[in-house]
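Engineer: the following comprises the amino acid sequence and a computationally predicted model.
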Amino acid sequence: MTVNRLLPIGLVATLLLYGAAWQHLQHKRHVFLQENYMDYTLPSRFTGPAAMEFKGMVSDFLFLKVITFLGEKIGKQEKFNDPHFRYLEESVNTITDLDPYFWDAYLFADMIFTWDLKEYEAANRLLLKAKQYRTNDYRVPYYLGFNYFFFLKDNINGSKYLMEASKLPGSPYYLASLAARLSAYALEHKIGIIFLKEMIRDTENEQIKSEFMLRIKTLEIMDLLEQKVREYEKIYQKPPSSLVELVTAGLIEKIPDDPYGGQFILFENGRVYTTSKMLRQK
Amino acid sequence: MNRRIWSLAVITFKEGIRDRTLYGIGLFALMIMGLSLVVTGFFLRELHKVTVDINISAITFGGLLMIFSLSVNLMSKDLDKRTVYSVLSKPFSRTQYLIGKFLGLVLLSLAAVCMLTLISTLTIWAVKSQYPNYFKEFVWLSVFQAVFAEFLMFMVLNAVVIFFSTVTTSSFLTLLFTISTYIVGQTVEEVVRFIQSQAQEIQLTTAVKAVIEMTQYIVPNLSVYDLKIRAAHGLSISSSYLLSITAYSLIYSAVLILFASIIFSRRELT
């Protein structure tokens, strides 16, 4: 009888102890995960046979793991480095070996590779893999073309892939003319704006959308500044030595603020860029 | 004769339906499908792929659990509890008994697949109406084709259960052999292709090669029934392929049931 009466008290005490232990573990785990923790993905030679007939679902799970892991880093505005690159490349290779048609995985990796890691070759390698499987999808050559134009400054390959994309079903009507225009001259910031607007149209995730909006805003400012530089050249028959001269000449009121927190600078070739490299400054 | 087989099949089916394990499995599959309603939103664009992946995988998982627990139990219960005597004392041949049991198990799998497909159809429809813009590549027909292929696999696995329950004397061994057959059946194609593609780099003895070569003829190639990825991306599956896997399942099951009959007719039931 006494033992029976003690049972609820014992239970409450154990539950309290459990709560304390859980709290303590959470704290320790958090510290553990913060200390040089790097996620990993096993290669498809192992994952493929191990997933048996659940390859599609395993690829979903692995992709969710990747976007959660890297998404947390993006959220905290941490800079990506080499281990992140290796992790992303290995993971996406495994994911797309399991499901070679998985466009989300290709596109996510392409975005991080190009915008954040500057690993353009790796991005194109992956898109070429996608091209083998998604043969009827205009987005694959479209993004390949964009990478060649915007990042690699390779107009020949850029327009080749854009032309290819324009012939595939569902491609935006302006692609063919864009390809022709882009191969004729290199209005790089405009290319970025047009491409990013297209990407927003195709994106559900609000965080990614706002990230694109910020990039578009910055590119639009840089495009406007470059137009003003050309105007200056027409008026004064010489290029301005800095953006301040545009203000002095009355072409702009003041040098606009970089939405990413950096400063706009003028290069000798008349191109405007930003010190933030379009990465959020802390 | 046919009526006897049929009545035995119906009895097996009814016995299976009454089993409580079935409700547990159904509930588990429902939970996975419910998960798709929540998880899908975490992805970027290919929400249709994730939804279909999760739902067909849930159907497969439910069907497999049913075979590993219910089918194995239903087969071994007769032998373990000696109820097989009362059945065989009737004007039944042992072959008829096995065919009846097999048909009952297949009926049970069919009912489970139909039920789970109905629920997953509702789940997919719910996600589809929530995100209509992200279901442009989605094709209902591909989903049903993939589910049909899974059902064919369940048929083969039921035949495997029948076969092993006549060979072994314990339900645990039947379970172990069936699971092993499933795992080998799912991976054998990949292993063979890997060895063929890496023939120069991997030095295997002739004996190992011969064993792998033999295995692919003996063990059912279950990867042929995996059409989930194609269904998830709305890619069509040719009717000749479906016909081919249907024929393969029917013939493989028939061969196994025949082998089982030969073994069972010679078995001393003590």
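Structural biologist: Now that the structure is in, tell me what you want to look at. Residues are numbered from 1 along each chain as shown, chains lettered A, B, ... in the order given.

Engineer: enumerate every residue touching A:Asp82.
Structural biologist: Residues near A:Asp82 by C-beta atoms under 8 Å, 6 or more residues apart in numbering or on different chains: none. The C-beta positions use only the backbone N, C-alpha and C, and glycine is treated the same way.

Engineer: what does the model give it for pLDDT?
Structural biologist: A:Asp82 carries a pLDDT value of 86.

Engineer: what does B:Leu22 give?
Structural biologist: 84.

Engineer: report how many residues lie close to it.
Structural biologist: 20 (other C-beta atoms under 10 Å in any protein chain shown).

Engineer: and the closest residue to it other than its chain neighbours, helix, strand or coil?
Structural biologist: In space, and not counting its chain neighbours, B:Leu22 is closest to B:Leu70: 6.4 Å by C-beta to C-beta, 6 or more residues apart in numbering or on different chains. When classified by DSSP: H, G, I helix; E, B strand; the rest coil, B:Leu70 comes out as helix.

Engineer: from memory B:Leu70 sits against B:Ala111, does it?
Structural biologist: No. The criterion here is C-beta atoms under 8 Å, and B:Leu70 misses it with B:Ala111 at 11.4 Å.

Engineer: for the two, indicate the residue with more neighbours.
Structural biologist: B:Leu70 (22 against 15).

Engineer: list the contacts for the more buried one?
Structural biologist: B:16, B:19, B:21-22, B:25, B:108.

Engineer: what about 7 Å?
Structural biologist: B:16, B:19, B:21-22, B:108 (C-beta atoms under 7 Å, 6 or more residues apart in numbering or on different chains).

Engineer: what does chain B put close to chain A?
Structural biologist: Within chain B, the positions near chain A by C-beta under 7 Å from any C-beta of the partner chain are B:42-46, B:49-50, B:53-54, B:57, B:60, B:134, B:186-187, B:190, B:223, B:226, B:228-229, B:232-233.

Engineer: what about those residues, which are in helices?
Structural biologist: B:49-50, B:53-54, B:57, B:60, B:186-187, B:190, B:228-229, B:232 (DSSP state H).

Engineer: just the buried ones from those?
Structural biologist: Taking 16 or more other C-beta atoms under 10 Å in any protein chain shown as the criterion, what is buried in those is B:49-50, B:53-54, B:57, B:60, B:186-187, B:228-229, B:232.

Engineer: so in chain A, where's the weakest helix or strand by average pLDDT?
Structural biologist: Within chain A, confidence by mean pLDDT, DSSP states H and E is lowest for helix A:175-184 among all helices and strands, at a mean of 63.

Engineer: helices of chain B, start to end?
Structural biologist: Going by DSSP H, chain B shows helices at B:2-18, B:21-39, B:47-66, B:72-80, B:83-88, B:94-130, B:140-167, B:171-197, B:206-218, B:228-232, B:239-266.

Engineer: may I see the buried residues of the first one?
Structural biologist: Burial within helix B:2-18, assessed by neighbour count using 16+ other C-beta under 10 Å, is assigned to B:4-5, B:8-9, B:12-13, B:15-16.

Engineer: again with the fourth one
Structural biologist: Along helix B:72-80, the positions that meet the burial threshold by neighbour count (16+ other C-beta under 10 Å) are B:72-79.

Engineer: try the last one
Structural biologist: The neighbour-count criterion (16+ other C-beta under 10 Å) identifies B:245, B:248-249, B:252-253, B:256-257, B:260-261, B:264 as the buried residues of helix B:239-266.

Engineer: centroid residue for the chain?
Structural biologist: If you meant another chain, say so; for now it's chain A. Nearest to the mean C-alpha position of chain A, counting by C-alpha atoms, centre = their mean, stands A:Met111 at 3.1 Å.

Engineer: hmm, no, I was thinking of chain B.
Structural biologist: Note: chain B centre (C-alpha atoms, centre = their mean) maps to B:Phe154, 2.0 Å.
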